[in-house]
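Novice: Let's see this in three dimensions:
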Amino acid sequence: MAKALLGHVGGPDPRMVAEMRRLQRRVRELESELSRLQDENDALATAAGDDVLSLAVKDREPALT
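Specialist: Numbering: from 1, shown residues only. Predicted coordinates for the structure are as follows:
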């Protein structure tokens, strides 16, 4: 049964391992970018003052119309 779950007797597929590593690296890159953008957004919000943050939800317009 375990052999069937692994796909073959030789262990994990090297292509699958490589793809997994690539995806993990991409997730780390995206998490880093997200953190950077959040920091940038916080800095812009602070610089803009309370005017931008005080907009009510009803005052906002949809991005695409």
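
Novice: For stretch 27-46, what does the pLDDT average out to?
Specialist: For stretch 27-46, mean pLDDT is 92.

Novice: do the same with stretch 13-24
Specialist: The predicted model gives stretch 13-24 an average pLDDT of 92.

Novice: Buried residues of that stretch, list them for me.
Specialist: Using 16 or more other Cβ atoms under 10 Å as the burial criterion, none of the residues of stretch 13-24 qualify. Quick note: C-beta positions are derived from backbone N, CA and C, even for glycine.

Novice: Could you pull out the helices in this protein for me?
Specialist: Here the chain has its helices, by DSSP state H, at 2-6, 14-48, 50-53.

Novice: And Arg28, how far from Glu40?
Specialist: Arg28 sits 19 Å away from Glu40 when distances are taken as Cβ to Cβ, to the nearest Å.

Novice: what does Ala48 give?
Specialist: 12 Å.

Novice: Same check on Glu19?
Specialist: In this structure, Glu19 and Glu40 are 31 Å apart, going by Cβ to Cβ.

Novice: Ok, Arg25 next?
Specialist: Using Cβ to Cβ, we find Arg25 at a distance of 23 Å from Glu40.

Novice: and if you look at Gln24?
Specialist: Relative to Glu40, Gln24 is positioned 25 Å away (criterion: Cβ to Cβ).

Novice: ditto for Glu29
Specialist: Following Cβ to Cβ, the distance that separates Glu29 from Glu40 is 16 Å.

Novice: Could you do Ala18 as well?
Specialist: Distance of Ala18 to Glu40, computed by Cβ to Cβ: 33 Å.
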